[in-house]
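Student: Provide a 3D model corresponding to the input given below.
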Amino acid sequence: MTQKCSIVWVLAVVSLVGSVAPPASAEGLPAISGTLTALVGELTSPQYFLRHPHRDPRPYIEPSFALSTLYRASRHIAGGNLDEAARLAKEVDCEVVRFVDKETKTNYVLLREDLDTLAEPRGWGSYLYNPAGQVPALVEAPHPIDDSNSAKVATMVFQRGAKGLLLAGAQRDKADVPDLVDSVFHQVHVAWAEALGRAAVWQIHGFTIEKHPFPPEAKAILSTGGGEVIDEIVTLNKRLQHRGIDSYAFNRLKPEDELNIRVNQQNPGKLFASLGATKNEQGRHLRSTGGTFVHVELETSVRRDEKQREVAAEAIAEAMRESALQRNVAEDETPTERVSQAEAATPRA
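Tutor: As a prediction, this is how the structure comes out:
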């Protein structure tokens, strides 16, 4: 059976009078509507998402044959050339779809597998883009089921101005996308980060305190993956602490270093190495290109409680917006998003 993948595009354009105007360059694309929360729930349901092998016999399909095509399609999404993006997506049985959020009157673009042409999902994930987003940042949920409710937190952060939301398509025992370069998740990450220029990526995870030798009050562990304490870590740590969420940060500084004390009190930064994201491929990519990567681990009690999820999401979103302002990206404007005339023929690491 021919394997195909669908790209659903979500365009965000809010008119001055509050009505939703379909994007001129995407008039031929299929359109759906609903709430963003419900859409993300559907994209992380068994309909699109592969569960643990013990509960779900459907296999993860290794996507090497489609990576270059979907990388190029993702660049076209960021560049606004949705017709070409849809054409490329269709080559690997994916689709590009417009999604209108009925609550916010926002238009998005969604890339996802096309279940009208596939007998079952392949575990490649789903990707939402907001052309009207004002913050040059991506929000990623690589373990939406393993790290329960992490996709809900990521969605709330995304709604507060970010350009893209990346959702994995399989549980980690089938495809652990933070460890994979040859995944659709990573290729969309690279394509959109490149299009945004000096992008920041905020990746949402989860942990259970009983499994780690951390201070018992720890509710959030932050990291860049490289062991540094950057401004974004300091800012988010402060935002979380002010909201009553005890936060710490993995780093390789000496315990008495002023920055370590600032984010960890008297605890050494290496104490949190088990959640340091040192092998995370998206983090490695951002550090190699001069971008910013913030790995956020939220404890189960935070992710389980609806109010606490909202509190954490608002803290992350504030830090995300502050980061963009501080870096003064592209002279206070959203970076120009262009598709290179020479499209890459191979997947990007």
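Student: What does the residue of the chain positioned farthest from its centre show for phi and psi?
Tutor: Taking CA atoms, centre = their mean, the residue of the chain most remote from its mean C-alpha position is Glu256, at 33.8 Å. In terms of degrees, to the nearest 10, the main-chain angles of Glu256 are phi -90, psi 0.
Student: Pro57 - how many residues pack around it?
Tutor: Neighbour count for Pro57, taken as other CB atoms under 10 Å: 9. Every residue, glycine included, has its C-beta placed from N, CA and C.
Student: Please read the previous query as pertaining to Leu236.
Tutor: A count of nearby residues for Leu236, using other CB under 10 Å, gives 26.
Student: How far does the longest helix belonging to the chain sit from its chain's centre?
Tutor: Secondary structure of the chain per DSSP state H: the longest helix is helix 306-327. Helix 306-327 has its C-alpha centroid displaced from the chain centroid by 14 Å (CA atoms, centre = their mean, to the nearest Å).
Student: Check stretch 298-318 too.
Tutor: On CA atoms, centre = their mean, the centre of stretch 298-318 falls 16 Å from the chain's centre.
Student: avg pLDDT for it?
Tutor: Taken as a whole, stretch 298-318 has a mean pLDDT of 98.
Student: What residues of it count as buried?
Tutor: Going by neighbour count (16 or more other CB atoms under 10 Å), the buried part of stretch 298-318 is 298-300, 302-303, 308-309, 311-313, 315-318.
Student: Kindly export stretch 109-124 (C-alpha atoms) in PDB.
Tutor: Taking Å, rounded to 0.1, in the frame of the first residue of the first chain, the C-alpha atoms of stretch 109-124 are listed here in PDB:
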ATOM      1  CA  VAL A 109      -2.200  25.800   9.300                       C
ATOM      2  CA  LEU A 110      -1.900  22.100  10.400                       C
ATOM      3  CA  LEU A 111       0.400  19.400   9.000                       C
ATOM      4  CA  ARG A 112      -0.700  15.900   9.900                       C
ATOM      5  CA  GLU A 113      -1.100  12.500   8.400                       C
ATOM      6  CA  ASP A 114      -4.000  12.000   6.000                       C
ATOM      7  CA  LEU A 115      -6.100   9.300   7.400                       C
ATOM      8  CA  ASP A 116      -8.300   9.400   4.300                       C
ATOM      9  CA  THR A 117      -5.400   7.900   2.300                       C
ATOM     10  CA  LEU A 118      -3.800   5.800   5.100                       C
ATOM     11  CA  ALA A 119      -5.200   2.700   6.700                       C
ATOM     12  CA  GLU A 120      -3.700   3.800  10.000                       C
ATOM     13  CA  PRO A 121      -1.300   6.500  11.300                       C
ATOM     14  CA  ARG A 122       2.400   6.000  11.000                       C
ATOM     15  CA  GLY A 123       3.400   7.900  14.200                       C
ATOM     16  CA  TRP A 124       4.800  10.900  12.400                       C
END
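Student: all helices of the stretch 151-300 of the chain, in order?
Tutor: 184-196, 231-242, 258-264, 281-289, 300-304 (DSSP state H, counting those that start in this stretch).
Student: can you list the ones you listed in CSV and add distance to Phe158?
Tutor: Formatted as CSV, the helices of the stretch 151-300 of the chain follow (distance: least, CB to CB, whole Å):
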stretch, distance to Phe158
helix 184-196, 12
helix 231-242, 16
helix 258-264, 25
helix 281-289, 16
helix 300-304, 16
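Student: Look at the closest residue to Gly269 other than its chain neighbours and report its pLDDT.
Tutor: Nearest non-adjacent residue to Gly269, counting by CB to CB, 6 or more residues apart in numbering: Asn251, 3.4 Å away. Note on Asn251: pLDDT of 98.
Student: Pick out the residue nearest the middle of the protein.
Tutor: Taking CA atoms, centre = their mean, the centroid of the chain lies closest to Glu140, which sits 1.7 Å from it.
Student: Three-state assignment for that one, please.
Tutor: strand (DSSP: H, G, I helix; E, B strand; the rest coil).
Student: for Thr292, which residues make a bridge with it?
Tutor: Taking DSSP bridges as the rule, Thr292 bridges to Ala200.
Student: From Ile230, how far off is it?
Tutor: Distance of Thr292 to Ile230, computed by CB to CB, to the nearest Å: 7 Å.
Student: Contacts for the longest helix of the chain, please.
Tutor: Applying CB atoms under 8 Å, 6 or more residues apart in numbering, the external contacts of helix 306-327 come out as 135-137, 139, 149, 152-153, 156-157, 160-162, 198, 200, 202, 204, 220, 231-232, 235-236, 239-240, 242-245, 292, 294, 296, 298, 301-303, 332.
Student: residues in contact with Gly225?
Tutor: 276-280, 283-284, 287, 293, 295 are the contacts of Gly225 under CB under 8 Å, 6+ apart.
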